Every structure is written in C-alpha cells, then in structure tokens.
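K.L.:
could you work out the structure for the sequence below:
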Amino acid sequence: MIRNYFKIAFRNIWKSKGYAAINIVGLSVAFCISIFLFMTVYFQLSFDNFHEDGDRIFQTYLFSNDPGKPERSGSMPIPFTPALKAEYPEIEAATRFMNGSSLIEYNGKYFDKQVQLVDADFFKVFSFPLLDGNRNSAFNGLSDIVISENMAKAVFGSENPIGKQLLLGGDENKKPYLVTGILKDFPDNSTLRFDAFIRIENHEGYYREAKRWDNMSHRAFIKLKPNTDQLAFENRMKSFAAKYFAGNIDKLKKKGAEADSRGDLFAIRLQKLENLHFDKDITGGSGSSVAVVYALLGIAFFILLIACINFINLTVARSFTRAREVGVRKSLGALKNQLFVQIWGEAAMICFGGFMAGILLAYLLLPQFNATFQGKLSMEYIFQPDRLAIIVTLFLLVTLIAGGYPAWQMSKFNAVEVLKGKITLTRPGILRNSLIVTQFTLSSLLICCTIIAIQQVDHLRAQPLGFTKEQVISIPVGNKVNGQQVLKRMRNLLNGDPNIVSLSGSTVNLGVGKDRSTSRSVLGFTYKDQEISSDWLHIDYDYLKTLGIKLLDGREFDPAYQTDSVNRVIITESMAKMIGEKDPVGKFFETDTAGAKYQIIGLVPDFNLYSSKNDKKPVTMYLSNNEPISYIFVRVTPASLVGAMDKISSVWKEVAPQSEFTGTFLDENTDAWYKDEEKFSQMFSLASGIAVLLSCLGLFAVALMVIEQRTKEIGVRKVLGASITNIVYTLSRDFVKMVILSIAIATPLAWYAMQQWLDNYSYRIEISVWIFILVGLAAVFIALVTVSFQSIKAALMNPVKSLKSE
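P.N.:
Predicted coordinates:
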C-alpha cells in the first residue's frame, strides 16, 4: 500500500511538473535562506553558553541616573573587585579582566599577542578548558602565564610549553614569565578573546592605582553562590556604592539628578553573562545588536511563510482540477484518512525535494553568505545534532502546514457533488486572497525597511566627521617598535618628498584598522563647580594638518615651542563650551585628579573620534615626548594615491623591519563604523528581493490556475463583445486590490519598526511618506506585470476553442 502511495504521488507530480517545479524552487530558496538565518541567530544567541554555571556569572556595571540621559559603564577602578569580594560572602569567586597586548620573545623570535590581565580566581569564574596544567594553581605566582593552544603552536611549535620561560614587554621593560597552562582556543561564540593570561598585578600602573576609585580601567566579573537572587544582591550593594562612590553621588545631586524607579541615583548592577554579547554599553561597543538578531529570525520566518503560502495556494487551486479524481477514489471506497495520507504524501515529496535542494544551495552559497555578513558558519557547524534537529523540525513544520491543510480540505470533498461537477470547498477565494495579501504585506514591509535602512547608512556617511579621511594612510605601530622613534625616522626619510603632505601620530586610530583594536582615555574633573568629562588624546606634531582639521583659533603644536609638551592642550568647541569659555585660547584650567594646570593654545571644531553614530564628544589633545605613539598617519597628494601604499610600505621596511606593515587608508577604517548598518541594509535587501521573487512566483502560479478555471467565462465574454483590455482589467483588478490592501497594512508596520530602529542614532533621517508611495506603486506594477502576462494570453485565446473544450 505504501509503495503504491509513492507510485501514485510520483505520477501526479510528474503529470503536473510545472507546478511541482514552481513549488520546489520556491521551497528550496526559502529553506536555503532560512537555514542560513536560523543558524546565524542560533550562533548569536549561543554566546558564552558553554561556561559551567553560566546563570551565576555576571559582569558588574555602574549605573548613573544623569539628568541628561541615564548612563551605564562596565569600566571599574582597580580596588573595586577585591573590596566587593571581601565585603559580600555571596560572591563565590571574582576576577578583573583588563584588555592588553604585549610583545612576546622566545628564543630570539618575537610575537605580537593579546595578553589579558586577570585575577587568580579567573578559572573559578570561567570554565575555559585547560588542555595542560592545573586550574587551581595556574596563577599562584605573579610571573605565571597561561597561553592558548594557538599561541603555543605559534611560539613553541612541537615543543611542550609547560615550564618554559617567555619574555613579555619592550626592550625597556622586559619581564620573564613561566608557562603554567595551555588553554583550548576560545570558541567563536565567546565574548572574551585572548592569546594568553597573566595576573592583573603586572599592569604597569597597578600599585599606583590600587587605592584610586576614580580611574576606570577594566571589567569585573563575579560568580554568585547558588540560590543568590540577582535583584536582592543588587539592593545589598547600595551601601557599597554609597561608601566608595560618594563623590559620584554628590556630583549627580549637584546636577539635579533624581532617583530612578528603583530609587537609585547611582548604583552597582549586574548583567548576566548570557546577555553580554548584546550589551554594547558595558562591553565598550563590541557586542552585537539584539534587534538585528531578532530581525534575522523574523525574516527567516517571513520567507518560510511566503513559501508555505505559495504551496498552499497552488495546492488548493489545483484541488479544483483534481476534484473528480478524489470523487472517483471515494466512490471506489477510499477513506478520508487514506486520501489525506496520499495527498499529503505528494506534498511531503515536493517539500523533501525543496528541502534537499535548499541544503545543496546552502552548501554552494555558504562562502558567499559568510563573506557578505561576516558570518562564521560552516556545514560542520550546521550538521551538529542539536542544529540538525532544528532544521529537521523546520522541515516537518513546513510540510505539515503547507501540505497538511490542502490535503485535509481535499479529503473532505463530497464524492456525489464532485462527480456532478460541484466542488464544495468552503470559500476558497477568501483563503487564497488572505494568503496573497499576507505575502505582499511581508514583501512590502521588507522593501520599505530596506529603503529606509539604506537611506540611513547613506545619511551617516554624508555626515561631516570633522576631519578629512581621504588621502590619509593609517599605520598601526604594534608592540615590536617604539612609535615615537619610528615616526621621527619616517619624517626624516620622507622629508622633501613632493608626494607626502604631512605625517603625524596618535594613541588612537580613527575607525577600525587591520589590528582591530582601539583604546580610549576619558578624564573627568570639576572645573568652576561644573562636572567636566573629556576624551584625553595624545597626538604628535602636524596632527591637525594631516587630518585636515580646521584650526578655529590659536595654533597647532609646534617644535619651535619646546614648552608645548608640558601642560599645553588643544581643545574642541564642545570642550570649550563645557568649561564655559567662549574665547578659550590662552586660558588655563586645572584638573582635580592630576593637579596639573593646562593652558589652551588652540581651538578646533568637534570631530568624531570613535563613532559617527553618536554626538561628537569633547576632546582634549596634548603632546608628550614620553608617552607611546600607537598609530602613524600619513597624508599623501591626490596624484600619488595609486602608488602611495607601496611607497609607505617600502619606507616602513626601512624604519621598522622587525614589525609587519599593516597600513590601511583612513576612509576604509571609517567605513567600519557603518558595518552593522550596512549588514542590516544588506540583510533586508537580500530578504526583500527573495520575498518579492517568491511572492511573484506564487502570484503567477495562482493567476494561471484562476485563469484556467475561468476559461469558459473568458470565452463567453469575448463572444459577447468584450475587448482584450476589458478582459485583462477584469482578471487583474482583484489581484491589484489585494496588493493595495497589502501596502495599507505594511506601511504603518514598517514606519513603526524603523522609527524604533532610527531612535538609536543621534544623526538620523526622517522617514518620508514618498517611500511608502513609491513602494506601493512598485508593488502594484510588479503585480500587474506578473498577472497581465497570463491575462493577456487568456484574452487572446480563440473563444471557440475554450467554449468547445468546456
């Protein structure tokens, strides 16, 4: 019996191979894209879930209910974690986590590695697998170092690293460390990244800052004891905040701040480990947007739903042509459940064909998907048991929905009525029309969101950054060389070169370079009873000239003024406004932390130092002969742009032969600021394109079926004198009405969703009503083109043939 079911199903599919092909193509594309999107969402939501007792691990952060805007910061002072652990027995273990990088030497070989600084409790909080060594004693000594598997292979090759000595630091501050453990490399879904760990007490300014509560330098993680309630523990920490952060609370009171709904002006709060990946405020902007992740999930469901709607509409439409077959089978004794199994079996075979084709497409398109969306998916990752279970469940769900409903409806046909030519399917037009409206609503929604996202990205790109990013090369110095010395050597070699405009350096890159790192120094102090907070930026001579920053007043740092490196600063307009100086050049201000008196020698417009998405922050620039230069900037002439990178690379090999050249153009670096937005717009572009394609495919097939069912009506109309235009209008108007209704539903949904997204930006567009009007006209046009092809073909048919055949 089952074999016969398969035979009959195959024959029916082959008989209607055109409709089967439409269904298989639609389902395969939907399955392919959905596999990509569901696996991406799964990957994003799985961040940090591999740690044991992850539900008891938290990162602490500081909450300030500032009158302007509530603020959250994950940076903590050095004495915070030891004091917190000492005062609260609910804490099972605690560790500080400070980002760092270091030059590592072994047997005359040098390596730039990401060496993070942590406490001895690190392995009690986090369960990164240790391949070799003892978790309990790995950090017993201050000179112990635990390295990753990847670093062990890079540095030691086939040697056993345990017990070997490494030298960390530059020539002036080298220190020996003993390898006590080898960690398995961190998985892709880990928020914490590392090459090695050393004790945080090795931080250069550790003992100087050990009692300072105003210098925020690192993140802090705690592991609470079992059955400790997060909210109750946060309430318990209010006294700790009042004790050690009294100054912060006083400053908020002076600014007129009021307590939030939990009664806090200032508080220490906890963020769950599982949520860290999505919390950009306390991770320093390194996380992902949870809105984008759920948008991906929604798009995957949308595309699957559209494919299912196509399948249902086609199957229900074909039920009219198969009605007599069902009637004959029933009259010969076939039971309802037997008919259901047979018809649903045909649907399952088509779904299985689409599913397998979708997997094949996913395999072939995986490299392109990863490249477009910076993904890290692989077929090995997809076919893990738990992920495979999700995919199979998805397939069964689609098969049940798309094939089950039409099979159930057809199995209910009344045999006598069907054989008389009367089909008793209850109001099929309402179901079909509702599904078409749903399809085009989803498609129109995605198109509107795509256009708005693209416009927002273009708007961000058009915003003046405050500096000229073109014709500038940015070079990360690295840890192997002294940035100050390299900059001087480059100046000497390039002096007089007509293709070089100027050179300068800084501790901070603009945008994201090949080293993928950034640093930030913010100094807060009280000036004339006002709370001041400014980015503190170390720069070198010709910084303003190299970056094309206009000088509004005063002068730039000049080698002719030897005192420029001693408490002289250049400030931005917002910094001048913050200190209340309309004419700041020549004025002095004093910070209450360092106690130094700074003279303002220059004023420049505000510029984006870290991001173009938020308001420009106050910046104070200073010159120092002792502090390191981490990035070198070279401005070249427009005419020499083509060969500029090769020229600078060859110069770099002369001045820093031991350090790899990783220069990039500054405009490429700043493009990385828009990475999330571009990913968002690309994602919606892909989804809306596929959604429109699937919707048109379904509409085309449904129009074809409807026109076939109205062949006799079309013939009668032509005999009675109806023109081709009248017939096309009659056949198309119902479909156009459905598309217009779809636009009416999609417009407010798209407007609301994108308003919520745009509210995250300081510089944002205003959504124009023309977007919705143009999308509506485009949708109507696409629907007309799709339907008109079959309508015109039907209208041109000889009515004699259609009436004869009917």
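K.L.:
can you confirm residue 269 is in a helix?
P.N.:
No: with DSSP: H, G, I helix; E, B strand; the rest coil as the criterion, residue 269 is located in strand rather than a helix.
K.L.:
which residue ranges of the stretch 51-200 of the chain form strands?
P.N.:
57-64, 71-73, 76-77, 91-98, 102-106, 109-113, 115-118, 130-133, 144-148, 165-168, 175-183, 196-199 (DSSP state E, counting those that start in this stretch).
K.L.:
so which of the ones you listed is nearest residue 208?
P.N.:
strand 76-77 (12.2 Å; CB to CB). The way it works is simple: take the backbone N, C-alpha and C, and place the C-beta from them, glycine included.
K.L.:
for the closest one, packing partners?
P.N.:
On a contact count with 3 or more CB pairs under 8 Å, 6 or more residues apart in numbering; DSSP states H and E, strand 76-77 meets strand 216-224.
K.L.:
so which bits of the host helix or strand of residue 314 are buried?
P.N.:
Using DSSP states H and E, residue 314 maps to helix 290-319. If you call a residue buried by 16 or more other CB atoms under 10 Å, then helix 290-319 has these buried ones: 292-293, 295-300, 302-319.
K.L.:
and if you look at stretch 582-602?
P.N.:
584-585, 589, 591, 598, 600-602.
K.L.:
what does that stretch rub up against?
P.N.:
Outside stretch 582-602, the residues within contact range by CB atoms under 8 Å, 6 or more residues apart in numbering are 214-215, 523-527, 544, 551, 553-557, 564, 567-571, 576, 579, 581, 603, 620, 622.
K.L.:
so what does the helix holding residue 314 touch, helix or strand wise?
P.N.:
helix 17-45, helix 336-373, helix 385-411, helix 428-462, helix 675-709.
K.L.:
how about the strands of the stretch 51-200 of the chain in JSON lines, adding distance to residue 610 and mean neighbour count?
P.N.:
Shown next, in JSON lines, are those (distance: least, CB to CB, whole Å; neighbours: other CB atoms under 10 Å):
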{"stretch": "strand 57-64", "distance to residue 610": "19", "mean neighbour count": "22"}
{"stretch": "strand 71-73", "distance to residue 610": "15", "mean neighbour count": "14"}
{"stretch": "strand 76-77", "distance to residue 610": "20", "mean neighbour count": "22"}
{"stretch": "strand 91-98", "distance to residue 610": "19", "mean neighbour count": "22"}
{"stretch": "strand 102-106", "distance to residue 610": "24", "mean neighbour count": "21"}
{"stretch": "strand 109-113", "distance to residue 610": "23", "mean neighbour count": "16"}
{"stretch": "strand 115-118", "distance to residue 610": "22", "mean neighbour count": "23"}
{"stretch": "strand 130-133", "distance to residue 610": "36", "mean neighbour count": "16"}
{"stretch": "strand 144-148", "distance to residue 610": "28", "mean neighbour count": "25"}
{"stretch": "strand 165-168", "distance to residue 610": "28", "mean neighbour count": "18"}
{"stretch": "strand 175-183", "distance to residue 610": "31", "mean neighbour count": "20"}
{"stretch": "strand 196-199", "distance to residue 610": "27", "mean neighbour count": "24"}
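K.L.:
before we move on, the earlier item: quick one: which of the buried residues of stretch 582-602 is nearest to residue 223?
P.N.:
Once CB to CB is applied, the member of the buried residues of stretch 582-602 that ends up nearest residue 223 is residue 591, at 36.8 Å.
K.L.:
out of the contacts of stretch 582-602, which end up buried?
P.N.:
215, 524-525, 544, 556-557, 564, 568-571, 576, 579, 581, 603, 620, 622.
K.L.:
tell me which of the buried residues of stretch 582-602 fall in strands.
P.N.:
589, 598, 600-602 (DSSP state E).
K.L.:
can I get those in a markdown table including pLDDT and distance to residue 766?
P.N.:
Below are these laid out as a markdown table (pLDDT from 0 to 100; distance: CB to CB, whole Å):
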| residue | pLDDT | distance to residue 766 |
| --- | --- | --- |
| 589 | 85 | 39 |
| 598 | 88 | 41 |
| 600 | 90 | 38 |
| 601 | 91 | 40 |
| 602 | 92 | 36 |
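K.L.:
would TSV of those with distance to residue 76 be doable?
P.N.:
Shown next, in TSV, are those (distance: CB to CB, whole Å):
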residue	distance to residue 76
589	27
598	27
600	31
601	34
602	34
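K.L.:
so which of those comes closest to residue 716?
P.N.:
Distances from residue 716 to those, taken by CB to CB, are shortest for residue 602, at 86.9 Å.
K.L.:
relative to residue 152, which of the buried residues of stretch 582-602 is nearest.
P.N.:
So of the buried residues of stretch 582-602, ranked by how close each gets to residue 152 (CB to CB), first place is residue 591, at 44.3 Å.
K.L.:
quickly note the distance from that closest one to residue 620.
P.N.:
With distances taken as CB to CB, to the nearest Å, residue 591 is found 10 Å from residue 620.
K.L.:
which residues do those two both contact?
P.N.:
523, 598.
K.L.:
look at residue 576 and report its pLDDT.
P.N.:
Listed pLDDT for residue 576 reads 90.
K.L.:
list the contacts of it.
P.N.:
582, 584, 600, 603.
K.L.:
turn these into CSV, columns for distance to residue 245.
P.N.:
Converted to CSV, these look like this (distance: CB to CB, whole Å):
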residue, distance to residue 245
582, 33
584, 31
600, 30
603, 34
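K.L.:
find the pair from those with maximum spatial separation.
P.N.:
582 and 600 (12.3 Å).
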